[in-house]
Structures are given as C-alpha cells and as structure tokens.
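K.L.:
Predicted model follows, preceded by the sequence.
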Amino acid sequence: MKTAFTIVLVMLFVGCNPNQWGTKEVIDGSSLQQGTHITIEQHGGQNIAGEFLGITTLSPEQYQEYYLQSTQQNGTYYLLPTLGEQIRFTTSLSKEKLWEGKYAGFDEHSLKVKFDENSEEEIYLSSIMNLTGREGEVLGRMKLRNLFQNGEIPIMTAFVMKGTKGEVMVPLSSIKSLIVHPSRNGVKQVTLSGEMLRNTFAQK
C-alpha cells in the first residue's frame, strides 16, 4: 500500500506546458516563484527536490485515486465522505440553511459540491460550519479545520516540480515541510511547514 501511495504522490507529467499553470506567492517572504529550487518533505518521509514550476489541479481520475489511497493511509477513510456521496452542510453565511449536494472534494481553499450534474460550486472552507461525513457523522468546523491543517483531507491542488526524473506533481495535502533554497539574488533559505502553506492558501 505504501508503494502505491508514493506513486500517486509523485506523478509524471506528459506533454504539459508550464506556462499554463498559474503561479502565485505562497506566503509573504518565501520568494517562491517559478524557477526557484525547493525541497519538499512529505508526510510519508519521502523528500523531493527540484525546480518549482507552478501550481496545478489533479485531474478527476488522479484525484479519485489519490483521495482513496490517502484516506486509507492517514486513517480518515471511515470519517470523510466518499467522492460522489450525497452530503449536507451549513455555512456561517446562513446557519439555518441546510445545503445538500454531491461531494466533489477539496482544493486549497474550498469545498467542491455538485448541486446538479452540470455544475460544481466552491464553498469557502472558512465559511463551513459543519458537513456530514461517512455514514452521516457530523464533522464540525474545528474538526474540519484540524483535518485540513494536518493534511488529512486530500486536496486536489498540487505543486509542480521539475526534478532529476522529470516533472512531478505533489499534492498540497501531502506536504510536511517545504524548503525554499537560497538563490543568487540574495534570498535566504526559508523553511515552511505544510500547515503554514495550507493555512495561507485557505485564507486567500
């Protein structure tokens, strides 16, 4: 199981154009820009070093596989809803309103929900009061926040890196720490925790 999980976390790109990926400043002072040399330590202990190319989103097929294997490894398989499961949730914008839809997962700052087959909506993570997990268990605001911060909710957002074996994607939720290495322009080495990265994205 561990080997299969690692394969999902380090997935080769084929024929992608880095200019298509939106780059953004991850956190003030990190100087994480396209071309920056970084090292990522994952929760499983694997280190990946290379050139930062940008940020992308896993395809539905990639996310489906990653979501299943990640929840099995980190122990949230029997807690979080399955992808496509009907869920109910409330938000801070309308605490009395109970929303229902099909669970499509999480990206770096929002819950993805399908209210019908033709559209997918984003519900900001910061506004969610609770949602139903597997078998109807209610997951409250603080529980969801802790799971997100600890990387226990699989996120479809991924870092794109170019290493010695080619281009790879590393899901944001798999990152334990990230080191931004010094560059010739005088930027000092910066170490960011995975929790700090996820919190920064969630607040945008």
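P.N.:
Thanks, I have it. Numbering: from 1, shown residues only.
K.L.:
C-alpha only now, for contacts and for neighbours.
P.N.:
Noted.
K.L.:
Who are the packing partners of the strand ranked longest in the chain?
P.N.:
Using DSSP state E to define each element, the chain has its longest strand at strand 94-106. The contact analysis (3 or more CA pairs under 8 Å, 6 or more residues apart in numbering; DSSP states H and E) places strand 94-106 against strand 86-91, strand 110-116.
K.L.:
Return the list of helices and strands in contact with the first one.
P.N.:
Just to be clear, that refers to strand 86-91. Contact partners of strand 86-91 among helices and strands, from 3+ CA pairs under 8 Å, 6+ apart: strand 94-106, strand 128-132.
K.L.:
Would you mind measuring from the spatially most central residue of the chain to Leu32?
P.N.:
Centroid check for the chain by CA atoms, centre = their mean gives Ile155 as the closest residue, at 2.8 Å. Relative to Leu32, Ile155 is positioned 20 Å away (CA to CA, to the nearest Å).
K.L.:
Please apply the same query to Leu80.
P.N.:
In terms of CA to CA, Leu80 sits 32 Å off from Leu32.
K.L.:
now Lys188
P.N.:
According to CA to CA, Lys188 stands 11 Å off from Leu32.
K.L.:
out of the two, which sits in the more crowded spot?
P.N.:
Between Lys188 and Leu32, counted using other CA atoms under 10 Å, the more crowded position is Leu32 (22 against 14).
K.L.:
Pro182 is in contact with the more buried one, correct?
P.N.:
No. Between Leu32 and Pro182 there is no contact under CA atoms under 8 Å: 10.7 Å.
K.L.:
who's Ser94 bridged to?
P.N.:
Beta-bridge partners for Ser94, by DSSP bridges, are Thr91.
K.L.:
In which helix or strand does Glu120 reside?
P.N.:
When elements are assigned from DSSP states H and E, Glu120 belongs to strand 119-124.
K.L.:
what's the answer for Leu197, then?
P.N.:
helix 194-202.
K.L.:
Need the contact partners of stretch 137-147.
P.N.:
Residues outside stretch 137-147 that contact it (CA atoms under 8 Å, 6 or more residues apart in numbering): Leu79, Ile128, Met129, Asn130, Leu131, Thr132, Gly133, Ile153.
K.L.:
Okay, buried residues for stretch 151-167 please.
P.N.:
Buried residues in stretch 151-167, defined by neighbour count with 16 or more other CA atoms under 10 Å: 151-163, 167.
K.L.:
Could you pull up the mean pLDDT of the helix holding Leu197?
P.N.:
Averaging pLDDT along helix 194-202 gives 87.
K.L.:
Check which helices and strands it sits against.
P.N.:
helix 141-149, strand 175-180.
K.L.:
how about the CA coordinates for it, as PDB?
P.N.:
These are the backbone C-alpha positions of helix 194-202, laid out as PDB (Å, rounded to 0.1, in the frame of the first residue of the first chain):
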ATOM      1  CA  GLY A 194       2.900  22.100   5.400                       C
ATOM      2  CA  GLU A 195       0.400  23.500   7.900                       C
ATOM      3  CA  MET A 196       1.600  27.100   7.200                       C
ATOM      4  CA  LEU A 197       1.200  26.500   3.500                       C
ATOM      5  CA  ARG A 198      -2.300  25.100   3.700                       C
ATOM      6  CA  ASN A 199      -3.400  27.900   6.100                       C
ATOM      7  CA  THR A 200      -2.000  30.600   3.700                       C
ATOM      8  CA  PHE A 201      -3.900  29.100   0.800                       C
ATOM      9  CA  ALA A 202      -7.100  28.700   2.800                       C
END
